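Engineer: Compute the structure for the input listed below.
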Amino acid sequence: MSSKILTGDRPTGALHLGHFVGSLQQRIRLQEQYPQTILIADMQALTDNGTHLEKVSKNIIEVLADYLAVGIDPEKTTICQQSALPALAELTMFYANLVTVARLERNPTVKSEIASKEFGDSIPAGFFTYPISQAADITAFRADLVPVGDDQLPMLEQTNEIVRKLNRLAGKELLVECKPILSKVSRLPSVDGKSKMSKSLGNTIMLGSGEDDIRKAVRAMYTDPNHLRVADPGQVEGNVVFTYLDAFHPDEAFVGDLKAQYRAGGLGDTKIKSILEEVLQELIRPIRERREKLMADRQYMLNILKAGTERARIETNEVVNAVKDAYGLRL
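Structural biologist: Here you go, the predicted model:
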């Protein structure tokens, strides 16, 4: 059996440069090598936005536009909507009976995200159990390769635990275990260098950003607070401008020379920001232009999403029916 890829995003906002360097570039490459499915995970987005319904619904199209604008090809990659696939919800319910509350509480990814959301004693049940939902997503597509960051490895471990338990119950290899494809790029910092990227905090650069927005964001980037004069030696480590140059400048040797000059003194922050801005303007301009055309033709995008979801529905129904057979529920 050839390998299959499953990846996706929660539609809680349009995508930014962190998504681009962290996952979208990887997906563009992977679609040339494997059958790939991208899941717009709107149900998972509701686990911590259950009272902000419009935030999720309106961003389904925004995220889809970003995928298409950067080069995801719907002829090579199936793009589908999580909530339009009933099999995923059914599998989540079946799997919930194979996982204990204690096991969910031990999941380090869940613990970390619950702490970051500051739920206190009001943790939504859906958020607490989303590792089970994620396992349903992965297994429903028989995906054996899942692009993730290091922080998501516990989620794949729990998915494979569910796979092994159900396979033992079925007495055969009914579901497929998965392996991670780890990103080679570390997480891109926010422009202020202090917090996680967030559109609401205004500390990121969106894939649809205009020229003025890009310029403003680059000028606001954190550099070296002790680099007060051009002649002063500067620090590259922790300098957001150099982190972005490493991620996006096509000439690694040129960036290396800039770092040497900055460390030695004689290279100002204004100059390196100007270089970075030029790179980002050239990168984002064609993405923005394609995105604007896509957003002007909403029906075209809806047709892509509908077609991808229909293909995914057939595929995921086969898996949930096999699980029902294993449980003896299809009489």
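Engineer: Tell me which residues of the strand or helix carrying residue 181 come out buried.
Structural biologist: Using DSSP states H and E, residue 181 sits within strand 179-182. When neighbours are counted by 16 or more other C-beta atoms under 10 Å, the buried residues of strand 179-182 are found to be 180-181. Where you see a C-beta, it was placed from the backbone N, CA and C, and this is true even at glycine.
Engineer: now stretch 138-157
Structural biologist: 138-148, 152, 154-156.
Engineer: hmm, back to that, report all helices and strands that the helix or strand just after the strand holding residue 181 contacts.
Structural biologist: Heading C-terminal from strand 179-182, the first helix or strand you meet, by DSSP H and E, is helix 211-219. The contact analysis (3 or more C-beta pairs under 8 Å, 6 or more residues apart in numbering; DSSP states H and E) places helix 211-219 against helix 269-295.
Engineer: ok now the helix it packs on, how far from the chain's centre?
Structural biologist: Its chain's C-alpha centre and that of helix 269-295 lie 21 Å apart, by C-alpha atoms, centre = their mean, to the nearest Å.
Engineer: Quick one: mean pLDDT for that helix?
Structural biologist: Across helix 269-295, pLDDT averages out at 97.
Engineer: Show me what it is packed against.
Structural biologist: Using 3+ C-beta pairs under 8 Å, 6+ apart as the contact criterion, the elements in contact with helix 269-295 are helix 53-70, helix 211-219, helix 240-248, helix 252-264.
Engineer: how about it: buried residues?
Structural biologist: When neighbours are counted by 16+ other C-beta under 10 Å, the buried residues of helix 269-295 are found to be 269, 272-273, 275-277, 279-280, 283-284, 287-288, 290-291, 294.
Engineer: just stretch 29-43 next, same as before
Structural biologist: For stretch 29-43, burial by neighbour count (16+ other C-beta under 10 Å) applies to 30-31, 34-43.
Engineer: Run the chain-centre distance for it.
Structural biologist: Centre-to-centre, stretch 29-43 and its host chain are 11 Å apart (C-alpha atoms, centre = their mean).
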